[in-house]
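Novice: Let's see this in three dimensions:
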Amino acid sequence: MKKLLCFLLCLVALPAFANTPGQHSVTLAWTNLCTGTTPCTFNIYRGMATGVCNGNPTPYAKGITTPTFTDTVNLTDGATIFYNVSAVRNGGESACDGELQVQIPVLPPAPSGLSGTAN
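Specialist: Okay, here's the model as predicted:
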């Protein structure tokens, strides 16, 4: 059983809009409730189905030092991605926060046939 060292609240994702044409991103943010002189780091869990923290999951990203994370890897049009976060301090890991589901939007096709003339 994981040691409960920190409590986390408010796992949220900003919409997965393209920040670069044709590329998606998901920005996660949560409240860091760690107190004391030893700071926490965070593990991010990600999966294509609910229950990303069930069993013995492998972190998607670990050692995150701020309460935000931006994901840009393999975010395909129309995919549903599930995220969760835990806090880590002194070798112990908290329980995961409430799971978050993010729907990646389908981008429109790129225009074609651009032309122009100079005067």
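
Novice: how about the helices of this structure, start to end?
Specialist: For the chain, no helices are identified by DSSP state H.

Novice: what ranges do the strands span in it?
Specialist: When secondary structure is read from DSSP state E, the chain shows strands at 8-14, 26-32, 41-47, 61-64, 68-71, 80-89, 92-93, 100-103.

Novice: Let's have the ones you listed in TSV, adding mean neighbour count, distance to residue 115 and mean pLDDT.
Specialist: Glycine gets a C-beta too; all of them are placed from N, C-alpha and C. Converted to TSV, the strands of the chain look like this (neighbours: other C-beta atoms under 10 Å; distance: least, C-beta to C-beta, whole Å; pLDDT from 0 to 100):
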stretch	mean neighbour count	distance to residue 115	mean pLDDT
strand 8-14	15	37	44
strand 26-32	18	36	95
strand 41-47	20	42	97
strand 61-64	14	44	96
strand 68-71	16	36	96
strand 80-89	22	38	96
strand 92-93	16	57	95
strand 100-103	15	36	96
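
Novice: Make TSV out of the ones you listed and add distance to residue 119.
Specialist: Output for the strands of the chain, formatted as TSV (distance: least, C-beta to C-beta, whole Å):
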stretch	distance to residue 119
strand 8-14	43
strand 26-32	44
strand 41-47	52
strand 61-64	52
strand 68-71	43
strand 80-89	48
strand 92-93	65
strand 100-103	46
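
Novice: Spatially central residue in this protein, please.
Specialist: Among the residues of the chain, residue 28 comes closest to the average C-alpha position under C-alpha atoms, centre = their mean, at 4.6 Å.

Novice: if I look at the closest residue in space to that one that isn't next to it in sequence, how far off is residue 43?
Specialist: Among residues not flanking residue 28 along the chain, residue 69 sits closest, at 4.7 Å (C-beta to C-beta, 6 or more residues apart in numbering). Separation of residue 69 from residue 43 (C-beta to C-beta, to the nearest Å) stands at 10 Å.

Novice: Identify the contacts common to the two.
Specialist: 61, 85 (C-beta atoms under 8 Å, 6 or more residues apart in numbering).

Novice: Quick check: the residue nearest to residue 28 vs residue 83, distance?
Specialist: Distance from residue 69 to residue 83, counting by C-beta to C-beta: 9 Å.

Novice: Fine, thanks again, bye for now.
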